[in-house]
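Asker: pasting the structure only:
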């Protein structure tokens with residue numbers, strides 16, 4: 001999928017569901033959204049595919065609502081692009097991580113950046129997301 005198509009798809013979902021609430025979009029797309037209580041060093045969020053093909057997004061409940069939404073948007077990208085979670089941890093598949101970071105930023109934010117989304121590096125996209133994730137208390 002091209003960068004332009006990823007952005008269009010994220011914006012289409014945002015427009016169809018009339019929200020930037022990634023958890024609501026995930027639920028509308030029939031993905032289970034679950035909250036877990038875990039040390040943030042072990043899990044922030046992840047996507048899991050069950051044997052029957054259904055998917056769940058797990059989000060650490062220690063984060064505030066804004067952070068949960070950002071984490072969910074990233075994981076929603078993995079879910080809609082059918083990425084296998086085991087291949088997307090800590091930069092092992094940079095193309096997949098770039099795609100979901102682009103998807104998450106396009107889903108959550110308007111085009112109010114000084115650089116077009118299609119020209120942003122993964123570092124820039126990840127920085128935008130990270131700036132909107134507050135460490136748990």
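Answerer: Yes, it's here. For clarity, every value in this text was computed on a predicted model and none was experimentally measured. Numbers count the residues shown, from 1 in each chain.
Asker: what residues sit buried inside the helix or strand of the chain with the lowest mean pLDDT?
Answerer: The helix or strand of the chain with the poorest confidence is strand 45-49; it has a mean of 92 (mean pLDDT, DSSP states H and E). Neighbour counts using 16 or more other CB atoms under 10 Å place 45, 46, 47 of strand 45-49 among the buried residues. (Each C-beta comes from the backbone N, C-alpha and C, glycine too.)
Asker: could I get those as a markdown table with distance to residue 22?
Answerer: Below are the buried residues of strand 45-49 laid out as a markdown table (distance: CB to CB, whole Å):
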| residue | distance to residue 22 |
| --- | --- |
| 45 | 10 |
| 46 | 14 |
| 47 | 12 |
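Asker: quick one: the helices in this structure?
Answerer: Remark: helices assigned in the chain by DSSP state H are 3-17, 22-28, 65-80, 94-108, 122-131.
Asker: tell me which of those helices is the most buried.
Answerer: Neighbour counts (mean count of other CB atoms under 10 Å) averaged over each of the helices of the chain peak at helix 65-80, with a mean of 23.
Asker: any idea how far it is from the chain center?
Answerer: With CA atoms, centre = their mean, to the nearest Å as the basis, helix 65-80 stands 3 Å off its chain's centre.
Asker: does anything pack onto that helix? Which helices or strands?
Answerer: For helix 65-80, the elements it packs on are helix 22-28, strand 45-49, strand 55-60, helix 94-108, helix 122-131, judged by 3 or more CB pairs under 8 Å, 6 or more residues apart in numbering; DSSP states H and E.
Asker: tell me the angle the longest one makes with helix 65-80.
Answerer: Using axes from the mean of the first three to the mean of the last three CA atoms, to 10 degrees, the interaxial angle of helix 94-108 with respect to helix 65-80 works out to 130 degrees.
Asker: what angle separates helix 94-108 from helix 3-17?
Answerer: Using the same axes, to 10 degrees: helix 94-108 against helix 3-17 is 40 degrees.
Asker: for the spatially most central residue of the chain, give its distance to residue 51.
Answerer: With distances taken as CA atoms, centre = their mean, residue 74 lies nearest the centre of the chain, 1.1 Å away. Separation of residue 74 from residue 51 (CB to CB, to the nearest Å): 24 Å.
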